[in-house]
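1. Prediction below, plus the sequence it came from.
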Amino acid sequence: MYYKTSLLILVLNVFFLLFVIGGFFGAIWVPTRKKDYKRIDALMDLRPGTILYDLGSGSADLLFYLSKKYNIKCVGIEISPILYLYSKIKSLFYKNVEIKLGSFLWHDLKSADIIYVFLLPRIYDKLKNKIKNNTKENIKIILAVWPFENIKPSKISADNKNMNYYFYYKRDLP
Ligand SMILES: C[S@@+](CC[C@H](N)C(=O)[O-])C[C@H]1O[C@@H](n2cnc3c(N)ncnc32)[C@H](O)[C@@H]1O
C-alpha cells in the first residue's frame with residue numbers, strides 16, 4: 001500500500017512537472033513533428049552566425065537537429081523542469097546548444113536572430129510585447145500552427161492537415 005501510494009505520488013509529480021506547468025504558462029508539451037523539420041528549415045533559411053531561439057523548447061530536438069546541420073548557436077527556453085533537465089543533459093553533447101530554465105518572458109531575447117514558437121495563442125499578446133521590447137529590430141519569428149490574429153505573415157509553409165508554419169518579420173507586427 002505504501003509503495004503504491006508513493007508510486008502514485010511520483011507519477012502525479014512527473015505529470016505535473018511535464019505537462020501542467022507548461023500548460024499553465026503557454027502550452028503543454030507536444031513536440032514539433034520530425035517530418036516537418038525540413039519545411040521549418042526551409043522557412044528559416046538559416047545562415048552561418050544566426051542565433052536561433054525556441055521559446056518553450058520542450059525536448060529541444062528541433063534545436064539539436066538545426067544546430068548540428070548548420071553549426072549555428074541555438075538557445076532553448078523551457079519552463080517544465082523535467083524537459084529542461086532532459087534537454088540540458090542532452091545539450092552537453094552539442095556544443096552550440098544552450099538550454100535555459102523558466103518562462104521565455106523572464107529571459108533576455110536580445111541576441112536572437114530568429115525565434116521559433118509552438119505555444120497556444122493565449123500567450124501571443126505577451127509574446128508580441130516581448131518581441132516589441134526585448135528583441136533585435138530585424139528579428140524573424142516563426143509560429144507553429146496558430147498565426148497571429150489580423151497580421152499577415154510574410155511567408156507560410158502549409159500542408160493539408162493544418163500543420164502550418166507562419167513566418168513574420170518584427171516589422172510586420174503593429
Ligand atoms: C507545444 S510544446 C513545443 C515544444 C518544442 N518547441 C517543439 O516544437 O518540439 C510547448 C513547450 O513550451 C513549454 N512552455 C509553455 N509555456 C512556456 C513559457 N511561458 N516559457 C517557456 N516554456 C514554456 C511547455 O512546457 C512545452 O514543453
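-> Thanks, I have the structure now.

2. Please identify the buried residues of stretch 165-174?
-> Judged by neighbour count (16 or more other C-beta atoms under 10 Å), stretch 165-174 contains these buried residues: Y165, Y166, F167, Y168, K170. C-beta here means a position set from N, CA and C on the backbone, and glycine is covered the same way.

3. Select the helix or strand of this protein having the lowest average pLDDT value.
-> helix 21-25 (a mean of 72; mean pLDDT, DSSP states H and E).

4. one step back: out of the buried residues of stretch 165-174, flag the one nearest to the ligand.
-> Y165 (10.5 Å; C-beta to the nearest ligand atom).

5. Was I right to think that closest one contacts W146?
-> No: judged on C-beta atoms under 8 Å, Y165 makes no contact with W146 at a distance of 10.5 Å.

6. Correct me if wrong, but M163 is in a strand.
-> No: with DSSP: H, G, I helix; E, B strand; the rest coil as the criterion, M163 is located in coil rather than a strand.

7. Just want to check the distance between the closest residue to it other than its chain neighbours and C74.
-> In this structure, M163 finds its nearest non-sequential neighbour in D36, 6.2 Å apart by C-beta to C-beta, 6 or more residues apart in numbering. As judged by C-beta to C-beta, to the nearest Å, D36 and C74 stand 17 Å apart.

8. What about L62, how many residues nearby?
-> Counted with other C-beta atoms under 10 Å, the neighbours of L62 add up to 25.
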